[in-house]
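Visitor: coordinates only, sequence not included:
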Ligand code: IVH
């Protein structure tokens, strides 16, 4: 018999599938979180071990990495073609080898991410490997678990039973907008930005702290059914359909063609349309649909002969480097930036390009005044791919990376293990300015009207020496700043005042602690409720939270022990969330809103006039309640429509409250 805990797990899996795979959520994020919380609480209250496919097992702590394991069969790469002629040659070779037999092609988008294999045993996700060198991959099971679109259990029962052993392959990727955001955060946090989506996916999957992986919104598309014990499919399209039916996430932009001309049309369509996708693609993949034809065509040592990657051209533009600036990030990392003569590339005007670090400048020998080729391929940030003036004699001297911080003149530090060059002066004004900007940003304290120009002046005039000083600002001195005036000054002071009510998690994020992004900040506040609660926690206590790994715990603990004066100052300034349990307040508010159903177990019986029993169940579930089929002592309410029979009698026997249809509708507030 299914226990309460099993039912809750099934319900969560159902909603995960709706949200992460079908993109059709049925309940709000808050309700989903509440279900997860309830499951965590139930699991914590019993001694029964938590199975590996429980939804709570997605948030890992330390991950086991580094183990190299052999793939069941090699994960091959794809041969590339770059134009219509090469595509035609691919098709002609196939026609020759298959002696003119009709061929159907499947076209898929080539996702720019990291290839992985996923193994399910008896429907449970048991192992995930990176492609590695194709022969051996790296064990990233713990980190893959954190990806919500990777089902931990094959959830749907289909006509074709889920094979005992199933291995699928696909691409893990980071959506474009998240990549931008992570790069901004990385630079601000003193880490080097990811150069392209592939590196970002790989970097995020291969972290020793799976809780950091969990904080990155990685996603997956599965594109190969590599092994299904005891099951045979005749075509790739059939295998894709089955994978979908098993609840795996396949790319919906897949197509099917009977001629190579139609394949070319598909390609041309996506040359333009790909820019509107939320993930990066660097081409299309063309595959022969029929598996027996695939076997007949076979593979070379590196590539299958039945598939080819037809790549999109990287988007390029030519311009001149006018200047090289060196910017100082929130944690002191110095990043060189090329200031360019403005140029249009992939529909956007580009005025600067990151040069990443000193090594990159040296390697490519990039100098001021150079004409360069700028490229935006799989890369969100445009990069300099080539210097066109490299052979000219009248070039500027090689760029000299500063030995001192351009903002505060402190000698910079280089460490052996990092390419990054840092300013280690904690009082560096450039770092301070970036910290204030982060503090005031939209997802932190949201102080509108505190833009870079104002921050510059506040710091330069020494009105502000740390983020807490913002709360002591008064209208009069503020209005003396350039382009300020009394009305804007008044407005800014009001905005700052309002920010005192910011929920604790946002303040925690705004403090800019290394490794503490929004998700981690929320996890910490959920546990410790306020900043004061968190500041008295030990490193072990922090690490014991599901979803918080050792690196994060260390970083948080260190911040709180080193920044007492700043925290005292913020508390004294009157930020509410220091002591008020903001998170719990919020939770109570949402509980009150639809609290009647949440966490309670219902049975629906008889026929309702206003809706079907199924609809009634959905309404209950949507509000965080559970619906079971039989009345037991655990049932909280029986909802009884017309003609209720034995369940009604049972409920009366067990003294379980009964809701008539009208009472039920009233509770639903429909
Ligand atoms: S099929 C033998 N399909 O591209 C079959 N690969 O450059 C090889 N990739 O290693 C894989 N999207 O990591 C296939 N729809 C797709 C793909 C795809 C991205 C990656 C994959 C592969 C690499 C080859």
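Guide: Good, I have the coordinates. Note that this is a predicted model, so its numbers are computed, not measured.
Visitor: over to the residue of the stretch 51-200 of the chain found nearest the ligand: give its phi and psi.
Guide: Nearest residue of the stretch 51-200 of the chain to the ligand: residue 115, at 2.8 Å (Cβ to the nearest ligand atom). C-beta here means a position set from N, CA and C on the backbone, and glycine is covered the same way. Main-chain torsions, residue 115, degrees, to the nearest 10: phi -70, psi 140.
Visitor: which ones are touching it?
Guide: The contact partners of residue 115, by Cβ atoms under 8 Å, 6 or more residues apart in numbering, come to 75, 130-131, 169-171.
Visitor: what do you get for residue 325?
Guide: Here residue 325 is in contact with 336-337, 339, 352 (Cβ under 8 Å, 6+ apart).
Visitor: again, only using 10 Å
Guide: The neighbourhood of residue 325, defined by Cβ atoms under 10 Å, 6 or more residues apart in numbering, consists of 335-339, 352, 355, 406.
Visitor: which parts of the helix or strand that contains it are buried?
Guide: Assigning secondary structure by DSSP states H and E places residue 325 in strand 315-328. Across strand 315-328, burial judged by 16 or more other Cβ atoms under 10 Å covers 317, 319, 321, 324, 326-328.
Visitor: out of the residues you listed, which is nearest to the ligand?
Guide: Checking the buried residues of strand 315-328 against the ligand with Cβ to the nearest ligand atom, the nearest one is residue 317 at 25.4 Å.
Visitor: surely residue 105 and residue 267 touch.
Guide: No: the criterion here is Cβ atoms under 10 Å, and residue 105 misses it with residue 267 at 11.3 Å.
Visitor: thinking again about what came up before, please name the bridge partners of the residue of the stretch 51-200 of the chain closest to the ligand.
Guide: The partner list for residue 115 in beta bridges (DSSP bridges) reads residue 171.
Visitor: and the residue most central in space within the chain, which of the three is it?
Guide: Centroid-nearest residue in the chain: residue 217, 0.8 Å away (criterion: Cα atoms, centre = their mean). What DSSP: H, G, I helix; E, B strand; the rest coil gives for residue 217 is coil.
Visitor: more neighbours: which of residue 105 and residue 267?
Guide: A count of neighbours by other Cβ atoms under 10 Å puts residue 105 above the other of residue 105 and residue 267, at 25 against 19.
Visitor: point out where the chain drops to low pLDDT.
Guide: For the chain, applying pLDDT under 70 flags the ranges 1-2, 59-66, 155-157, 187-192, 195, 346-348, 377-380, 417, 579-594, 670.
Visitor: which residues of it lie near the ligand?
Guide: With Cβ under 6 Å from any ligand atom as the criterion, the chain comes near the ligand at residues 76-78, 108, 110-111, 115, 131, 171, 223-224, 285, 304, 307, 309.
Visitor: who wins on neighbours among those?
Guide: residue 111 (27 neighbours).
Visitor: phi first, then psi, for it.
Guide: The phi and psi torsions at residue 111 (degrees, to the nearest 10) take the values phi -80, psi 130.
Visitor: sorry, back to before: what sits in contact with each of residue 105 and residue 267?
Guide: Common neighbours of residue 105 and residue 267 (criterion: Cβ under 10 Å, 6+ apart): residue 286.
Visitor: circling back to that earlier point, pull out the buried members of the contacts of residue 325.
Guide: 335-338, 352, 355.
Visitor: mind listing which of those are in strands?
Guide: Counting by DSSP state E, the part of the buried ones among the contacts of residue 325 found in strands is 335-338, 352.
Visitor: could you pull out the helices in the stretch 151-300 of the chain for me?
Guide: 176-188, 197-205, 210-214, 236-245, 260-273, 291-297 (DSSP state H, counting those that start in this stretch).
Visitor: what's the closest of the ones you listed to residue 607?
Guide: Proximity to residue 607 (Cβ to Cβ) singles out helix 236-245 among the helices of the stretch 151-300 of the chain, at 32.2 Å.
Visitor: other SSEs contacting that closest one?
Guide: strand 105-111, strand 165-173, strand 219-228, strand 255-257, strand 281-288, helix 291-297 (3 or more Cβ pairs under 10 Å, 6 or more residues apart in numbering; DSSP states H and E).
Visitor: so which of those is nearest residue 605?
Guide: strand 165-173 (38.6 Å).
Visitor: can you name every helix or strand that the closest one contacts?
Guide: On a contact count with 3+ Cβ pairs under 10 Å, 6+ apart, strand 165-173 meets strand 105-111, strand 114-121, strand 124-130, helix 197-205, strand 219-228, helix 236-245.
Visitor: got the angle between that strand and helix 197-205?
Guide: 120 degrees (axes from the mean of the first three to the mean of the last three Cα atoms, to 10 degrees).
Visitor: check which residues of strand 165-173 are buried.
Guide: In strand 165-173, counting by 16+ other Cβ under 10 Å, buried: 166-173.
Visitor: report the angle between it and strand 124-130.
Guide: Using the same axes, to 10 degrees: strand 165-173 against strand 124-130 is 50 degrees.
Visitor: so what's the gap between stretch 643-657 and the chain middle?
Guide: 47 Å (Cα atoms, centre = their mean, to the nearest Å).
Visitor: again but with stretch 217-231, I slipped
Guide: That offset, for stretch 217-231, works out to 20 Å (Cα atoms, centre = their mean).
Visitor: now swap in stretch 106-114 and tell me
Guide: 19 Å.
Visitor: now swap in stretch 213-228 and tell me
Guide: 12 Å.
Visitor: mind listing what's buried along stretch 230-246?
Guide: So, applying 16+ other Cβ under 10 Å, buried residues of stretch 230-246: 233, 235-237, 239-240, 242-244, 246.
Visitor: measure it end to end?
Guide: Start-to-end span of stretch 230-246 (Cα to Cα, to the nearest Å) is 16 Å.
Visitor: same deal with stretch 232-251?
Guide: 22 Å.
Visitor: now do stretch 22-38
Guide: End-to-end span of stretch 22-38 (Cα to Cα): 24 Å.
Visitor: what residues does that stretch touch?
Guide: 4-5, 8-9, 11-12, 14-19, 55-56, 58-59, 149, 244, 247, 249, 252, 522, 526, 586-587, 589-591, 593-595, 597-599, 618, 621-624, 626.
Visitor: next, the buried residues of it.
Guide: For stretch 22-38, by 16+ other Cβ under 10 Å, it's 27, 31-36, 38.
Visitor: mind putting the residues you listed in TSV, distance to residue 395 included?
Guide: Below are the buried residues of stretch 22-38 laid out as TSV (distance: Cβ to Cβ, whole Å):
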residue	distance to residue 395
27	61
31	62
32	58
33	57
34	63
35	63
36	59
38	66
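Visitor: next, format the residues you listed as JSON lines and append secondary structure and distance to residue 612.
Guide: Formatted as JSON lines, the buried residues of stretch 22-38 follow (DSSP: H, G, I helix; E, B strand; the rest coil; distance: Cβ to Cβ, whole Å):
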{"residue": "27", "secondary structure": "coil", "distance to residue 612": "19"}
{"residue": "31", "secondary structure": "helix", "distance to residue 612": "21"}
{"residue": "32", "secondary structure": "helix", "distance to residue 612": "24"}
{"residue": "33", "secondary structure": "helix", "distance to residue 612": "28"}
{"residue": "34", "secondary structure": "helix", "distance to residue 612": "25"}
{"residue": "35", "secondary structure": "helix", "distance to residue 612": "23"}
{"residue": "36", "secondary structure": "helix", "distance to residue 612": "28"}
{"residue": "38", "secondary structure": "helix", "distance to residue 612": "26"}
